Structure formats: structure tokens, C-alpha cells
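>>> model the following, please.
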Amino acid sequence: MKLNFAIIAAVIMAALSACSTTGMVVSEFNPKTGRHEKTIYTKYYSVGEWAALGQVGLEIWMDHEKTVGPLYGVQQATGTVGPSDLHATGLVTAYFVNLEQKPRTITGLMISSTGGKRASEKPQELQLAPRSVHKLVVGRVPIPNYETEVKLSVQYMLDGVPQSISPTLRRRTETEMQHPRKDFPWFQPPYFPFEPPIENRTEPKSSRLD
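This next block holds a predicted model:
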């Protein structure tokens, strides 16, 4: 009886701890080593694209958000989570890195899911100061709960020139998050280290040029 109680207590504790995480662990068999290997994914997705080659970089980051109950771990173990477990929400943040010595203008910024759900209701605008990186929290889109990649649609105008891309954001592993931007081109020579330095700026949500 005591043993059964200990097992139940351990399951409940695991369930409670699962409520505080939005990471994911994937176990796959490696035929080369003959072992099952685990990959620990964080809640962060990202991608880096040039908005203007060698001049302006665009980073799209997304936080995986999932609200679950205190017995979520037990539900997962017993297969009673229901169809809503397949769905989650992604909080989308954009970073524009202006490497130029002159200001640049972003207008009409819209980011959407592949299903057409917009992260923000209105197009957003930014004035990029020379040698600066601007952070803008765009909004939320629906995403799958158990995928390691998410595709988005991004439209904007850079100095009045229309731009449209469909980047695929990769879910970053714990190992990758030790140096999360190292594969972005503006964090590599000849652009990095930044000289002269680049100033960090944070724009409020739904920032506009008024």
C-alpha cells in the first residue's frame, strides 16, 4: 500500500512540474550508435534573414506558449489529454538590425501564420536609427504543440520597397541556446564584432510612426 502511494505521489509531482515548462524532449534511435538519443528543445523558435543584403538584418523569434492544468503529466501518461493538446500559441517578436550609418524605415509590417492568422491587427512601422537593433513584440499566432519547425508569412516595406518572405522558424535546442544567434549572418565576419557598436532599442507593441 505504501509503495502504491509513493508511485501516485511521484506521478502527481511529475505532473505539477510539467505545468511550468514549455520545452519538449524527443527521443530517437540512432542506428550508428545503437542507442536512443534525447534532444531537449526549449520554448524558443528563431530564424534570421537579410532584409537588405549586408545592410539590414531581420530576426524573427517566437516563444512557445501552452496553458495546461495541474494534472497534465498524468493526462499525457494515460492518453487522456484530448485534441486541444495538439495546439499551442506562439508569441512573435521581430528584431531589425540596421548595420548602416544612415536611418532606414520599415512600414506595413505584418506577420501571419500559414493559416492566415495575423499576429497583429494593424500593420506596424519602425524608424531604424543608424547602427541600431530594434525589438518589436508583434503578437501571437496559433502553432502546433509538438512540432520543431513553424512557418510564418512576413510582409513589410523597407524604405518603400515591398518585401515578402515565408521563413521557417526552428525550435532551438538547449545546446543551441547557449549561442542562439551564431548562425545569423550579421553575427559573423565581416559584420561582427560590431564596430562601431550597435545600440539596442525596444519598441512598444503596435509601434507606429506618428
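>>> find the nearest non-adjacent residue to G139, please.
In space, and not counting its chain neighbours, G139 is closest to A119: 3.6 Å by C-beta to C-beta, 6 or more residues apart in numbering. (Each C-beta comes from the backbone N, C-alpha and C, glycine too.)
>>> same check, this time on S120
G139 (4.2 Å).
>>> wait, doesn't A88 sit right on D63?
No: in this structure A88 lies outside contact range of D63 using C-beta atoms under 8 Å: 10.2 Å.
>>> which neighbours do the two share?
Both A88 and D63 are contacted by T22, under the criterion C-beta atoms under 8 Å, 6 or more residues apart in numbering.
>>> just checking: what are the partner strands of the helix or strand hosting V47?
In this assignment (DSSP states H and E), V47 forms part of strand 35-52. Sheet pairing here is set by DSSP bridges, and for strand 35-52 it gives strand 24-30 (antiparallel), strand 56-65 (antiparallel), strand 168-173 (antiparallel).
>>> report the buried residues of it.
By 16 or more other C-beta atoms under 10 Å, the buried positions in strand 35-52 come out as Y41, T42, K43, Y44, Y45, S46, V47, G48, A51, A52.
>>> how about it as PDB, C-alpha atoms only?
Extracted in PDB, the C-alpha atoms of strand 35-52 (Å, rounded to 0.1, in the frame of the first residue of the first chain):
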ATOM      1  CA  ARG A  35      21.200   3.800 -28.700                       C
ATOM      2  CA  HIS A  36      18.200   6.100 -28.100                       C
ATOM      3  CA  GLU A  37      19.400   9.700 -28.000                       C
ATOM      4  CA  LYS A  38      17.500  12.600 -26.500                       C
ATOM      5  CA  THR A  39      17.200  16.100 -27.900                       C
ATOM      6  CA  ILE A  40      16.000  18.700 -25.400                       C
ATOM      7  CA  TYR A  41      14.100  21.500 -27.100                       C
ATOM      8  CA  THR A  42      13.400  24.900 -25.500                       C
ATOM      9  CA  LYS A  43      10.400  27.100 -25.900                       C
ATOM     10  CA  TYR A  44      12.200  29.300 -28.400                       C
ATOM     11  CA  TYR A  45      12.000  29.300 -32.200                       C
ATOM     12  CA  SER A  46      14.000  31.600 -34.400                       C
ATOM     13  CA  VAL A  47      15.200  32.400 -37.900                       C
ATOM     14  CA  GLY A  48      17.500  35.100 -39.400                       C
ATOM     15  CA  GLU A  49      17.000  36.600 -42.900                       C
ATOM     16  CA  TRP A  50      18.600  39.600 -44.700                       C
ATOM     17  CA  ALA A  51      16.100  42.400 -45.200                       C
ATOM     18  CA  ALA A  52      18.800  44.100 -47.300                       C
END
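>>> looking at the strands paired with strand 35-52, which is buried most?
Of all those, strand 56-65 has the most neighbours on average by mean count of other C-beta atoms under 10 Å, namely a mean of 21.
>>> about what we covered before: the residue nearest to S120 contacts K117, correct?
No: between G139 and K117 there is no contact under C-beta under 8 Å: 9.7 Å.
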